[in-house]
Structure formats: structure tokens, C-alpha cells
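Peer 1: What follows is a predicted structure for the sequence shown.
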Amino acid sequence: MCRLNYDYVLNLGDPSSQASKLYALIPNGAKLLDVGCSTGRLGKELRTRKGCFVVGIEMNEQSAAKARENIDRVIVGDIESKDVISKIENSFDVIILADILEHLLEPRAVLKKVKTLLNLKGFVVVSLPNIAYWEIRKQLFFGKFQYEDTGILDRTHLRFFTIKSAIELFEKCGYTVEQTEYSCWHLPFERMFRAHRMPILNKYLPRGKNSLTACYPGLFSSQLIFKVKPKI
């Protein structure tokens, strides 16, 4: 697994944030495995607020050392390594793959592998950057595709996903998508819409939808969040 050493932006006060949507999918008291846990900030919140038992996998030794202060157990290594999998006991309620699959050489192999670590009612929570986000489309329109230090075009990303391609990946790996959520880093006209309830936008919003991200997630969501469960 090739991944930058970075942490989640834990904005749990904003229900539309990626962290909040991930957090909301985890049941109280769950035994969970956080793959690429970094310093364990998300795991700490789940442990203290929801009473979860949290095991983390982290390949950066410095981050792993900090994570040991925040969660119950930390395994140092690469999820794509056979040695790491052999160190993990099975029977987890939840496995978190937050901003992980896009960094892997073989995301399909890892999805199949972690399936064996779940109990009968267990599920996997995945978050992925959306390569079809409007800013990326705009750049492509002008012939630009330039890697960056962070974000959707993070230079350590080996794979790119849209909503459709992500769902196809899960289905090919033997999962059923039970829930899909969307998050956006920043969307100026979304804020304008919420502030002014612009009539011209209201006209094109489906009934029951109150945001552009909810209406057109493939275009306006920067992060895709999935709850997937192994097919029976």
C-alpha cells in the first residue's frame, strides 16, 4: 500500500463532512478494523464516543506509535502484504477502508481478502475520491491533468474511481452496496443555494432533495462513501 502519511480532517460537527458520514455508519460497541488508521484520530472518537474496540493497520511507524495512544491495538505493515493479514484475527463487525483503495496496487485483492476477516453480520465502510468531480472535469476540459500533493489528484493515487466504477468493483469482489453517502470539500454555489434558495435552482431539484450534492452526486461530490456487505 502506498499512501501519504496524513490524517482525517475530523470535522464531526458538520454532518455533511466525510468524517461525520463515516462515523455515522459505525454502530455502537462495534469491533472494528481501521485499515490505514494513521494516528488513530477517527478510531479514538469511535472508541470514546461509541464504545468501539478498534484495531488499526498503519504502515508508517511514527503514525503507528501515536495511534497506540488512541486505539486498542495497532499492527504496523501494508494491508497488501500476506504477513500483515496473518497477524489479524477475524470476526470484525466493521472494516474501515477510508481513502485506501485508490493507493493500492490491487484493490480487488484487498477487498476479497478483508471479506474473510468479517463476522457473519459484518460489513465494510469505504470512502473514495470521486474522479468525476466538477473541478476535475473542468481541468480535463482545458486539457489539464496534473498531480498534486493532496486531494483527488494526489500523486500517490494509483487508481481512480467514479460512482459507477466503484460499485462495479464492489460487485465483482462479491459485495452488495447497502448504502451510499456523498460529501463535498467546498462548493461555492452550494453555499449560495443554501443561503438564498435560488428559484432557478429549486426548479431543477428533485422533490425531497435540498442540495446540489444530493441531486447530482457524480458531479458535485468530492468524496464517495459506501457501506458494502458480502453477498450471501
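Peer 2: Sure, I can see it.

Peer 1: what about Glu178, which SS state?
Peer 2: Three-state call for Glu178 (DSSP: H, G, I helix; E, B strand; the rest coil): strand.

Peer 1: Show the residue spans covered by the helices in this structure.
Peer 2: Along the chain, counting by DSSP state H, helices occupy 18-24, 41-50, 61-67, 82-86, 107-115, 134-141, 163-172, 188-196, 199-202, 212-215, 217-220.

Peer 1: tell me the average confidence for the fourth one?
Peer 2: Model confidence over helix 82-86, given as mean pLDDT, is 85.

Peer 1: Contacts for that helix next, please.
Peer 2: Contact with helix 82-86 is made by 57, 75, 77-79, 113, 117, as judged by C-beta atoms under 8 Å, 6 or more residues apart in numbering. No exception for glycine: its C-beta is placed from N, CA and C like everyone else's.

Peer 1: wait, doesn't Val74 sit right on Arg68?
Peer 2: Yes. With contact defined as C-beta atoms under 8 Å, Val74 counts as touching Arg68 (5.0 Å).

Peer 1: list residues touching both of the two?
Peer 2: In terms of C-beta under 8 Å, 6+ apart, Val74 and Arg68 are both contacted by the residues Gly40.

Peer 1: Looking at those two, which is more packed in?
Peer 2: A direct count of neighbours by other C-beta atoms under 10 Å for Val74 and Arg68 places Val74 higher, at 24 against 15.

Peer 1: For that one, list the residues it contacts.
Peer 2: 37, 40, 55-58, 64, 67-68.

Peer 1: Show me just the buried residues among those residues.
Peer 2: Using 16 or more other C-beta atoms under 10 Å as the burial test, the contacts of Val74 include 37, 40, 55-58, 64, 67 as buried.
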